[in-house]
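Trainee: Sharing a sequence plus its predicted fold:
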Amino acid sequence: MATLRAHIVLPAHLAGAAPPAVLLDTTVLIDTLWNRNQRRQLLAGLVVSGRALAVSALSIAEVYSDRLLVNLNWIPVSRTIAERAGRLEEAFRSQGETRSIAAMIVAATALKNGCMVATDNHKDFQILGLTFAALP
């Protein structure tokens, strides 16, 4: 009689590894700056839960603010990220859809660095492998 054994694979953060960082999209940064949609509480909760907060260079360019951005991890846009963003944009264009290169850079940055994306703009980020941070 054969014995069946269950093989359980825990997510990395439950197996002792740090949980994935959350890459903040510009919409979330703007809400945080203007204290809208409980974003400040959301970000504080993410930090308390052990998640690192990150921002792409693109978002820094879009909403530069010493008050907010000084405490975020900065993820530069490398050649690899830029190339992946271009390929993502081209893939959408070849299907007759348009996505901004800005959104594709944020998506490529998150994918390359294993980050979740915090955004209200889910439409532009429907990309295989990309995950979202829950927002109120």
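Mentor: Arrived safely, thanks for sending. Residues are numbered from 1 along each chain as shown.

Trainee: quick one: Glu83 from Pro19, how far?
Mentor: Counting by C-beta to C-beta, to the nearest Å, the gap between Glu83 and Pro19 amounts to 28 Å. Every residue, glycine included, has its C-beta placed from N, CA and C.

Trainee: Enumerate every residue touching Gln38.
Mentor: Each residue near Gln38 by C-beta atoms under 8 Å, 6 or more residues apart in numbering is listed here: Pro136.

Trainee: try 10 Å this time
Mentor: When contacts are counted by C-beta atoms under 10 Å, 6 or more residues apart in numbering, Gln38 touches Asp31, Thr32, Ala44, Gly45, Leu135, Pro136.

Trainee: Return the item of these having minimum pLDDT.
Mentor: Looking at the contacts of Gln38, model confidence by pLDDT dips furthest at Pro136: 78.

Trainee: give me every residue that touches that one.
Mentor: The neighbours of Pro136, taking C-beta under 10 Å, 6+ apart as the test, are Asn37, Gln38, Arg39, Gln41, Leu42, Gly45.

Trainee: I'd like the contacts of Gln38 written out as CSV, with distance to Leu23 and secondary structure added.
Mentor: Output for the contacts of Gln38, formatted as CSV (distance: C-beta to C-beta, whole Å; DSSP: H, G, I helix; E, B strand; the rest coil):
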residue, distance to Leu23, secondary structure
Asp31, 15, helix
Thr32, 14, helix
Ala44, 17, helix
Gly45, 16, helix
Leu135, 13, coil
Pro136, 18, coil
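
Trainee: Can you name the two of those that sit furthest apart?
Mentor: Maximum pairwise distance among these (C-beta to C-beta): 14.4 Å, between Asp31 and Gly45.

Trainee: Between those two, point out the one with more neighbours.
Mentor: Per other C-beta atoms under 10 Å, whichever of Asp31 and Gly45 has more neighbours is Asp31, with 20 against 12.

Trainee: okay, now the nearest residue to that one once chain neighbours are set aside: neighbour count?
Mentor: Once its chain neighbours are removed from consideration, Asp31 has its nearest residue in Arg39; the separation is 4.1 Å (C-beta to C-beta, 6 or more residues apart in numbering). The criterion is other C-beta under 10 Å. On that basis, Arg39 has 22 neighbouring residues.
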